[in-house]
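*Asks:* predicted model and sequence below, questions to follow.
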Amino acid sequence: MMRLIKKLWEFKHLLSICLVYTALITVAFLYPLKGTTTINFIIPIDKLIHVLMYLSLSFLWISYSSKVTNYKKTVTTIIMVILLCFFYGIIIEIIQELFIPFRNSELFDVLANMIGAILGALLFWNVKNRIKS
């Protein structure tokens, strides 16, 4: 199992994973939905989905970017990826509002995206030494 994880974490595979995951998120957030029901717990489930998707997105891109820089500019990399995730989330919300039927933008989606991106960065920061080796 560890051999498979190390193989996936190689430079070329990691870029492919990042690109595919970004494309999947884009499709998921831009797909027109109608007639969906919402289930609310303490936190609305759709906001939790935003957090988890952006946690994964930022973690993957920070991992890739850090590998490109040989883990030398980790703080700069983390800040850049968080900012890019923030702007990516805003662009997705604007496109939803303007062009996608049955979808609308929400400020809380952008907030959930940011929380997810920051949590992904914190997760990376906590496991980066294991990823390096």
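*Replies:* In hand now; what should we look at? Residues are numbered from 1 along each chain as shown.

*Asks:* for His50, see how far away the most centrally placed residue in the chain is.
*Replies:* Residue closest to the mean C-alpha point of the chain, counted by CA atoms, centre = their mean, is Leu57 at 2.2 Å. Leu57 sits at a distance of 10 Å from His50 (criterion: CB to CB, to the nearest Å). The way it works is simple: take the backbone N, C-alpha and C, and place the C-beta from them, glycine included.

*Asks:* okay, and the common contacts of those two?
*Replies:* With contacts taken as CB atoms under 8 Å, 6 or more residues apart in numbering, Leu57 and His50 have Gly116 as neighbours in common.

*Asks:* mind listing what the closest residue to Gly120 other than its chain neighbours touches?
*Replies:* The shortest distance from Gly120 to any non-neighbouring residue, by CB to CB, 6 or more residues apart in numbering, is to Ser58 (3.3 Å). Residues near Ser58 by CB under 8 Å, 6+ apart: 81-82, 85, 116-121, 124.

*Asks:* mind checking which helix or strand Ser58 is in?
*Replies:* Per DSSP states H and E: Ser58 is located in helix 45-68.

*Asks:* many thanks, I have nothing further to ask.
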